[in-house]
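Q: how would this look folded up:
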Amino acid sequence: RQRLPYDAKDFWAFQMETRFFRGAAARLRDHFSPPPPAPLDEEIAELRDLLKRYHTERPDDYGAIGRIAFDLGVKLYQRGRLPEAEAVFQEAVADARKESNQRSAAEALNGLGGVAQMRGKVDQAWSYQQEALGLYRKVGDVVGQANALSDLGGLEQVRGELEQAQRYHQEALGLYREVG
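A: Reported below is the predicted structural model:
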């Protein structure tokens, strides 16, 4: 004679446990309030408004426009709105170059590299990170160099170039240790 699964003692013990935990989870869920609305969307709207005002009221203030565009790009990237983030990071790079601010250009290029990597454009991300690394070296930003090298190491890992990735990561680690 074949025994049915629900005849087994373990089956009924399992049923009781799962029923208990489902009920306990429901009771706990009722005690916690839902999370507050995301402030990130509000920040994005405020930064868009601020950027628009700067474009109309102070169109020649490339430093401020570039900084606002960079901050907006970071928020859009965090929200996963990659095409929009890419556009404002490109604006930030252009404004930083007009201002001759190589550090800001490097930061925005680093952001563009992150966006390109998230979109699966590894070669494009690699070129952005290489350009950012060159600018960080030119201005002497050791932390920026380490971050760019670490990002390049990650990109080389994605490409399957593990020895080159290790070299980038080792160089980045040395710089991180240098700055503490």
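Q: lowest average confidence, helix or strand, in this protein?
A: Least confident helix or strand of the chain, by mean pLDDT, DSSP states H and E, is helix 9-31 with a mean of 53.
Q: pLDDT weak spots in this protein?
A: By pLDDT under 70, the low-scoring segments of the chain are 1-38.
Q: quick one, helices of it?
A: For the chain, the helices defined by DSSP state H occupy 9-31, 39-57, 62-79, 82-98, 102-118, 122-139, 142-159, 162-179.
Q: Please work out which of the ones you listed is packed deepest.
A: helix 102-118 (a mean of 23; mean count of other Cβ atoms under 10 Å). C-betas here are computed from N, CA, C, even on glycine.
Q: Any chance you could list what contacts it?
A: Here helix 102-118 makes contact (Cβ atoms under 8 Å, 6 or more residues apart in numbering) with 63, 66-67, 69-70, 73-74, 77, 82, 85-86, 89-90, 92-93, 95-97, 122, 124-126, 128-129, 131-133, 135-136, 138-139, 141, 144, 147-148, 151, 154-155, 158.
Q: and it, C-alpha only, in PDB?
A: Extracted as PDB, the C-alpha positions of helix 102-118 are listed here (Å, rounded to 0.1, in the frame of the first residue of the first chain):
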ATOM      1  CA  GLN A 102      39.400  69.400 -14.800                       C
ATOM      2  CA  ARG A 103      38.400  67.900 -11.500                       C
ATOM      3  CA  SER A 104      34.700  68.400 -12.100                       C
ATOM      4  CA  ALA A 105      35.100  67.100 -15.600                       C
ATOM      5  CA  ALA A 106      36.800  64.000 -14.200                       C
ATOM      6  CA  GLU A 107      33.900  63.500 -11.700                       C
ATOM      7  CA  ALA A 108      31.300  63.800 -14.400                       C
ATOM      8  CA  LEU A 109      33.300  61.400 -16.700                       C
ATOM      9  CA  ASN A 110      33.400  58.900 -13.900                       C
ATOM     10  CA  GLY A 111      29.600  59.300 -13.600                       C
ATOM     11  CA  LEU A 112      29.300  58.700 -17.400                       C
ATOM     12  CA  GLY A 113      31.400  55.600 -17.000                       C
ATOM     13  CA  GLY A 114      29.100  54.300 -14.300                       C
ATOM     14  CA  VAL A 115      26.100  54.900 -16.500                       C
ATOM     15  CA  ALA A 116      27.700  53.300 -19.500                       C
ATOM     16  CA  GLN A 117      28.600  50.200 -17.500                       C
ATOM     17  CA  MET A 118      25.100  49.900 -16.100                       C
END
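Q: Since that was my last question, I'll sign off now.
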